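>>> structure for this input, please:
(4 chains)
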There are 2 protein chains.
Amino acid sequence: MTENFGDDRDLIAVFKALSNSARLQILQWLKEPEKNFSMQDAADVREVGVCVTLIQNKVGLSQSTVSQYLAELQKTKLVSVTRLGQWTYYKRNEKGIAALAGHIKRNL
Amino acid sequence: MTENFGDDRDLIAVFKALSNSARLQILQWLKEPEKNFSMQDAADVREVGVCVTLIQNKVGLSQSTVSQYLAELQKTKLVSVTRLGQWTYYKRNEKGIAALAGHIKRNL
DNA sequence: AGAGTATATCTGTATTTCCCGATATGTCAA
DNA sequence: TTGACATATCGGGAAATACAGATATACTCT
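Reported below is the predicted structural model:
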């Protein structure tokens, strides 16, 4: 059991993270990274994720805002992070998302 | 198909409604009304729901706040309303909640 | 070391949400 | 019709959120 939502506070933080169209949109786009982001080396996009700058260009908000939003999505276990060199790659945390869906179905 | 969440705005409104501990708590309490609320005529509680005053006493917020919160839960189809005489009874909208859970599982 | 790029963090302002008291509306009972 | 009760709506102050720009941090290349 890696996810539990034991505290209501955790669950509320997740709902808050999802209560913003930019954050929700990013989560949707990350379902098909190679389709939604124009990356040069589309090599291991699915594996490692998408870097902040690409997400920023797509969503059209400032760099600082996007960085903060991604951090929020990560704290709530909706995305995961990989640092490689000077880049930070974000991708969906399918385990965390499934855990949320399961919890909602069972306990909401 | 009574529920669809076609627009992202609808989904965001639902997440916003769930992003508050009082509203989330009310939704939980309404899973077992006869257990969580002390009503005199526990006759058709499951059928009709719980009146605003009982919910207000339990949650400990002002009457106006509780009324607004319940309206928000209703607009997002998380609870349903029945007016009987001078009372307004609220109960969980299990269909709406299940529709949300399904949508999240499928599309989030 | 120094410049350039990618990202995170800090600080501040505009907007939104939280929650209240006051007031309006609607129902019931005398 | 008057008064009591249940609920809804209105208006506002305090707190939180949404974003931005400036700056800090970290890595890369020369």
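>>> show the backbone phi and psi for the spatially closest residue to A:Ser67 that is not a sequence neighbour.
Spatial nearest neighbour of A:Ser67, excluding adjacent residues (C-beta to C-beta, 6 or more residues apart in numbering or on different chains): A:Val52 at 6.1 Å. In short, each C-beta sits where N, CA and C put it, glycine included. Note on A:Val52: backbone dihedrals following degrees, to the nearest 10 are phi -60, psi -40.
>>> who does the residue nearest the centre of chain A bridge with?
Residue closest to the average C-alpha location in chain A (C-alpha atoms, centre = their mean): A:Val79, at 3.3 Å. Applying DSSP bridges to A:Val79 yields these beta-bridge partners: A:Arg92.
>>> now do the contacts for the closest residue to A:Val48 other than its chain neighbours.
Spatially, and ignoring its direct neighbours in sequence, A:Val48 is nearest to A:Tyr89 (4.6 Å; C-beta to C-beta, 6+ apart). Neighbouring residues of A:Tyr89 by C-beta atoms under 8 Å, 6 or more residues apart in numbering or on different chains: A:Val48, A:Gly49, A:Val50, A:Cys51, A:Val81, A:Thr82, A:Arg83.
>>> just the ones of the residues you listed in strands?
Residues of those located in strands (DSSP state E): A:Val50, A:Cys51, A:Val81, A:Thr82, A:Arg83.
>>> chain B: which of those is nearest?
Nearest to chain B among these, counting by C-beta to the nearest C-beta, is A:Val50 at 17.9 Å.
>>> what bridges to that closest one?
A:Tyr90.
>>> quick one on the thing from earlier: now, the most widely separated pair of the contacts of A:Tyr89?
The most widely separated members of those, counting by C-beta to C-beta, are A:Val50 and A:Arg83 (13.4 Å).
>>> these two: which is more packed in?
Regarding A:Val50 and A:Arg83, a neighbour count based on other C-beta atoms under 10 Å in any protein chain shown identifies A:Val50 as having more, with 25 against 9.
>>> which outside residues touch the helix or strand hosting A:Gly96?
Assignment of secondary structure by DSSP states H and E places A:Gly96 within helix A:94-107. Contacts of helix A:94-107 from elsewhere in the structure, counted by C-beta under 8 Å, 6+ apart, are A:2-3, A:5, A:11, A:14, A:27, A:76-78, A:80, B:100-102, B:104-105, B:108.
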